[in-house]
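>>> here is the input, now give the coordinates:
(chains A and B)
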Amino acid sequence: MRSIRKISWVLILGLVVALVVAGCGGKGQAPQETSKGQQEAQQKEQQAEKKADDFPTKPIQILCASKAGSPVDVMARTLAKHAEKYLGQPITVVQKTGGSTANQQAAMLAAPADGYTLGTVTPSAIGAWNTNLKGQFSMDQYDFIVRVQADPYVVVVNANSPFKTLKDMVEWAKQNPGKLKAGGFGSTGSGHNVAFNLLAKAANMPFTWMPFDGGSEAVAAVLGGHIDVCNTNPGNVLQHVQAGKLRVLGVMYDERLDALPDVPTYKEAGYDVDTSWIQWRGIFAKKGIPKERIDKLADAFLKAIKEPEFQKYLKDTNQLDGSMGPEEFTAAAKKTDKILKEILAELEMKK
Amino acid sequence: MLENLLMGFQVVLQWSNLLALLAGTLMGYFVGAVPGLTPTVGIALLIPFTFGMDPVASIVMLVGLYMAAEYGGGITAILVNAPGTPAAAATAFDGYPLAKQGKAGKALGISIISSGIGAFVSSILLILFAVPLANFALQFGPPEYFALAVFGLSVVAGLSAESWLKGLLAVAMGLLVTTIGLDPITGITRYTFINDLMEGVPFVPALIGLFAVSEVLMLFEETKTGQLIIEKAAGALPTLNEIKSCASTIARGIGIGYIIGMIPGAGATIASFVSYNEAKRASKNPEKFGTGVIQGIAASESANNSAVAGVLVPLLTLGIPGSASAAVLIGALTIHGLQPGPLLFTKHPEVPYSVFACLLIAAPIMLSIGLGGAKLFAKVTLIPKSVLASVVLCICFLGAYSFGNSMFPVWVAFISGIIGYVLRKFGFPTAPVVLALVLGYMAESNFRRALLMGEGSYTIFFARPLSLVILILAVLSFGSPFVRNWLMRRAGQNVRAKQNA
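From the prediction side, this is the model:
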């Protein structure tokens, strides 16, 4: 008994230390220099920039806007683990959640643009720039460094559903205006909502959107037959499809997916939808980091993504390798922004 | 199935897995006992450490932590009225009064025994019925979730010791607070003012404030005015008869916890509140609840541990997370290349069955640590109140900070602490506020989703059998204390009338 108690104290102590260290991680790295030391530091920094090759000389932080354990967090942590050896410095992932990514963005903008503070980015941030955080934060304040994953959208129905193809669904929805209940993660303007709206626009199909608080809740609703169709990502439904509980009607992507070889793309089914609307996850940072540093970071992250272990993680979670360097990623993010703005304007008109 | 289970035991009993289980359980105790460090945060903090571990060892460690954290929350709920986890809030109702009476050991003993039995029996239920009951969770659509939230709210009358009107007002206040944030259907901001409020008032810091911080303020007051009564050493554990007297309450708590746990989104907090209310209703002396009745502790603790096994049903069989902790657990599993869902049992049977075996082994481990520690924990009540209050306050704010690595939750905890203090000073119970904070969003979002589903018609709530049944249960649960009071008053009048005659 006594020895168990001793061990427990040691463990508890260890955990406390770990927590304190984790808690202090954020503060400890903020550069705090006295006015006298500032000049010297600046000189040093200029020298460092001239050399540029010794970046990074201290640990790098990735501020994650999603909760610990969420898919974005898992992506950031896995990426950090594999990229450390290429940068020669530890990379820590710190949660800055809340406020529809506002807390993360505020923390990123407060830090210097030196490449030591990065952040996770998804289309949610682009959604926020166009809706709730409009006027506070904008796309122009950031540099997009590397895109990691791409996750195409799919439309699924219950295996008992009368809809066998996308066409069945569209025809029924047209005959019964407003009766088709389509569900997915997030309210109007969310990634899933926009994806379904793009399909509806191409098919000229009316529907009622049922927003859910999470992707798996929407999947549960279609499994239980509470909604007619669900807009989701392949990883959320593949198992249920293999178990014969759900049927995927179409894939919003340029080509068929390896995991779902029998499912046609929207285009194949006859609906011309812009497939650049895709769920992606990547890394961005405050604008103004020297280009060499961005390239160095992007290079390290891209190498990490190519590693077999990282590729295995992508495969296990049923996601596609969506890796892109800074230029490509910036273009892709801008495209996402453009599509979103168009759809939001159209939805506004319908009101 | 039996051979799979044996295989599960074989896997878990390897020394490395057993060690992982022990470590998870101990950390669970700690995580559970610190207000603000919920099981969800604990699991999330541990995930990076499991990267290099074997998948089974890591999942065993995380499940052990989850289970033990649900118990650990009861320790601080009893000792300092600061529930370490939301689901332990109902444990404080009777646990804290007992601790104040100098019977902390008794309260802790009952809580660990009911937790342990709850964990063990519900694990057996999980093993036997996980697969057949897999589809139960799917029966719940938006109308049913709304009905369930109403059912949860209906226990308010039972939670309001002095005045049900004050209880209702407290619920209304909590419900109003849950309207802050993004509208669940349209995404429009409501009463947000600052970005931090966009996702609403965070529940855990609010809970810390309403219970723990307000209690600290009360303690400060007591030390200042010298009303403090110094208790005697509080080591005595419960007697066998006392444990026996809780048997039916524990059995009921296990059933309630398991069923409510299985419904995604409901979880351990609602389970413990409902179980507490049912125990009170079934009791011969319901008026004594809230003053230090051991059955109250048994009801809450057996239900919240049983709910963990319930949550694992949809998690393992469907891959659907029933709680925030479950969502993080799914994240942990996927990191190791295991996707919970219908194929897990056929593709990787070693995973669900070692989870089962781990739960069965974890319960006795948890029980022995808890009973061994009860006397030690109980000594907390001997710490001078002024010192204890400061330490608790510190831990509360640290816990709140860790919630989002920012100051905002700390402010939430602080402000709700003051609100809680004022409420208590005016005789308003704080538990109904917490209940409303848990259920308000669930009720509203599902009410509106159900109306979308029913194309604007309210008949959807009554036309679906499951929803109708739950709503009727809610009416019965809400009305029964009133009916009972009325009957008792009438009986009293009859007796008096007879005496007069």
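
>>> return the residues of the stretch 51-200 of chain B in contact with chain A.
B:51, B:137-142, B:182-187, B:189, B:194-199 (Cβ under 8 Å from any Cβ of the partner chain). In this view, the C-beta of every residue, glycine as well, is placed from N, C-alpha and C.

>>> out of these, which are buried?
Neighbour-count burial (16 or more other Cβ atoms under 10 Å in any protein chain shown) is assigned, among those, to B:137-138, B:140-142, B:182, B:184-185, B:187, B:189, B:195-199.

>>> so A:Arg247 sits in a helix?
No. Counting by DSSP: H, G, I helix; E, B strand; the rest coil, A:Arg247 falls outside a helix, being strand.

>>> how close does it sit to B:Ala134?
According to Cβ to Cβ, to the nearest Å, A:Arg247 stands 19 Å off from B:Ala134.

>>> do A:Ala331 as well
A:Ala331 is 45 Å from B:Ala134, by Cβ to Cβ.

>>> related to what we said a few turns ago, quick check: the two most widely separated of the buried ones among the residues of the stretch 51-200 of chain B next to chain A?
Checked with Cβ to Cβ, those reach their widest spread between B:Leu138 and B:Asn195, with 36.3 Å between them.

>>> report the buried residues of the longest helix along chain B.
For chain B, the longest helix by residue count, based on DSSP state H, is helix B:465-500. Buried residues in helix B:465-500, counted by 16+ other Cβ under 10 Å: B:467, B:470-471, B:473-474, B:477-478, B:481.

>>> and which of those residues is nearest chain A?
Of all those, chain A sits closest to B:Ser467, with 11.3 Å by Cβ to the nearest Cβ.

>>> circling back: let's have the buried residues of helix B:465-500 in CSV, adding pLDDT.
Converted to CSV, the buried residues of helix B:465-500 look like this (pLDDT from 0 to 100):
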residue, pLDDT
B:Ser467, 94
B:Ile470, 93
B:Leu471, 94
B:Leu473, 91
B:Ala474, 91
B:Ser477, 84
B:Phe478, 85
B:Pro481, 76
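
>>> any idea where the helices of the stretch 251-351 of chain A begin and end?
Counting by DSSP state H, counting those that start in this stretch, the stretch 251-351 of chain A has helices at residues A:291-306, A:308-316, A:326-350.

>>> oops, could you answer that again for the stretch 301-450 of chain B instead?
B:324-335, B:344-347, B:350-378, B:385-404, B:408-425, B:431-453.

>>> how far off centre is the fifth one?
Right, the one you point to is helix B:408-425. How far helix B:408-425 lies from its chain's middle: 20 Å, per Cα atoms, centre = their mean, to the nearest Å.

>>> and if you look at the last one?
Relative to its parent chain, helix B:431-453 has a centroid offset of 17 Å by Cα atoms, centre = their mean.

>>> show me what that helix packs onto, helices and strands only.
Other helices and strands packing on helix B:431-453, by 3 or more Cβ pairs under 8 Å, 6 or more residues apart in numbering or on different chains; DSSP states H and E, are strand A:208-212, helix B:89-100, helix B:142-153, helix B:156-159, helix B:164-178, helix B:203-207, helix B:267-282, helix B:460-463.

>>> what mean pLDDT does the longest one have?
What that stands for is helix B:267-282. Helix B:267-282 carries an average pLDDT of 90.

>>> which other helices and strands does that helix contact?
Under the contact criterion of 3+ Cβ pairs under 8 Å, 6+ apart, helix B:267-282 touches helix B:89-100, helix B:142-153, helix B:156-159, helix B:247-262, helix B:294-318, helix B:431-453, helix B:465-500.

>>> in it, what counts as buried?
B:267-281.

>>> relative to helix B:465-500, how tilted is it?
30 degrees (axes from the mean of the first three to the mean of the last three Cα atoms, to 10 degrees).

>>> next: the third one.
Following the same axes, to 10 degrees, one obtains 30 degrees for the angle between helix B:142-153 and helix B:465-500.

>>> who's more crowded, A:Ala331 and B:Ala134?
More crowded of A:Ala331 and B:Ala134, by other Cβ atoms under 10 Å in any protein chain shown: B:Ala134, with 18 against 13.

>>> would A:Ala150 count as being in a strand?
Yes. According to three-state DSSP, A:Ala150 belongs to a strand.

>>> what about the closest residue to it other than its chain neighbours, how many residues close to it?
Spatial nearest neighbour of A:Ala150, chain neighbours left out: A:Gly322 (2.7 Å); criterion: Cβ to Cβ, 6 or more residues apart in numbering or on different chains. Using other Cβ under 10 Å, the number of residues around A:Gly322 comes to 21.

>>> returning to what we had before: let me know which of the helices of the stretch 251-351 of chain A is the nearest to chain B.
helix A:308-316 (4.0 Å).

>>> where does pLDDT dip in the stretch 201-350 of chain B?
For the stretch 201-350 of chain B, the stretches with pLDDT under 70 are B:224-235.

>>> let's see it at 90
B:202-205, B:207-208, B:211-212, B:215, B:218-243, B:262-270, B:280-291, B:314-350 (pLDDT under 90).

>>> same thing with the stretch 51-200 of chain A?
A:51-55, A:65-74, A:77-78, A:81, A:93-103, A:124, A:127-128, A:131-136, A:186-190.

>>> quick one: the strands in it?
For the stretch 51-200 of chain A, applying DSSP state E, counting those that start in this stretch gives strands covering A:60-64, A:91-95, A:117-121, A:142-151, A:153-158, A:181-185.

>>> want to throw the ones you listed into CSV with mean neighbour count?
Shown next, in CSV, are the strands of the stretch 51-200 of chain A (neighbours: other Cβ atoms under 10 Å in any protein chain shown):
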stretch, mean neighbour count
strand A:60-64, 23
strand A:91-95, 22
strand A:117-121, 26
strand A:142-151, 24
strand A:153-158, 24
strand A:181-185, 26
